[in-house]
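*Asks:* Coordinates for the following, if possible.
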Amino acid sequence: MKRIAVYCGASKGNKSLHTDATVQLGTYLAEHNLELVYGGGGVGLMGLLANTVLDNGGKVHGVMPQELVDRGASLDRLTDLKVVDNMSTRKKTMLNDSDGCIALPGGPGTLEEIIEAFSWARLGDNDNPCVFYNVAGYYDSLRDMFDNMVQNGYLTQSDRSKLLFSDSLTEIFEFMENYIPPRIRQYSK
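*Replies:* Predicted coordinates for the structure are as follows:
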């Protein structure tokens, strides 16, 4: 693993546990020579994460749609910034440029990005492991929803095991190092 895509909010939220976990993740990435791939923003958890990685000597690669660059959303001290046409291209670029995906606590955009990455893994379009950094149980109800999908026959237990919810960086990166993508489902008529 060399580069980790992290999805997180353009807001800091209102819990210091979330900002503390963001700093811990940024420090971990830099100390383990793992480069950050993220949305390129300079505000909220995005800005905190990128600045933490950079302040600890790490590399940060931003990917941002032109419309957000034009609004001044990008962080100006990035290792590099790829400007793309739209959010769909941004998501695909982030997956292509990374070796794993982590979602910090965040809002609808954060959730949408990591869920799409996991869905694409099940289709064979993403070989990256997907992880929810479940700080203080933030994603517990979503974890329960995935378990409910298994119980109701909409997700196999095998595929469910390919998605980790954890509050431990050690467990997260062990999962990522040992990850094997889901077996691609074949259809018969």
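
*Asks:* In this structure residue 158 contacts residue 184, no?
*Replies:* No. Under the criterion of CB atoms under 8 Å, residue 158 is not in contact with residue 184, lying 11.8 Å apart. (Each C-beta comes from the backbone N, C-alpha and C, glycine too.)

*Asks:* Tell me which residues are up against the helix or strand where residue 53 lies.
*Replies:* Using DSSP states H and E, residue 53 maps to helix 44-55. For helix 44-55, the external contacting residues (CB atoms under 8 Å, 6 or more residues apart in numbering) are 6, 8-13, 18-19, 22-23, 25-27, 29-30, 36, 38-42, 59-60, 62, 75, 77-79, 104-106.

*Asks:* how about residue 70, phi and psi?
*Replies:* The phi and psi torsions at residue 70 (degrees, to the nearest 10) take the values phi -60, psi -30.

*Asks:* returning to that earlier point: report the buried residues of the helix holding residue 53.
*Replies:* 44-54 (16 or more other CB atoms under 10 Å).

*Asks:* where do the strands sit along the chain?
*Replies:* 3-7, 35-38, 60-65, 80-84, 100-103, 130-133, 163-166 (DSSP state E).

*Asks:* Tell me what angle the first one forms with helix 44-55.
*Replies:* Think strand 3-7. On the basis of axes from the mean of the first three to the mean of the last three CA atoms, to 10 degrees, strand 3-7 is oriented at 150 degrees to helix 44-55.

*Asks:* Show the average pLDDT along strand 3-7.
*Replies:* For strand 3-7, mean pLDDT is 98.

*Asks:* partners of it in the sheet?
*Replies:* Under the criterion DSSP bridges, strand 3-7 sits next to strand 35-38 (parallel), strand 100-103 (parallel) in its sheet.
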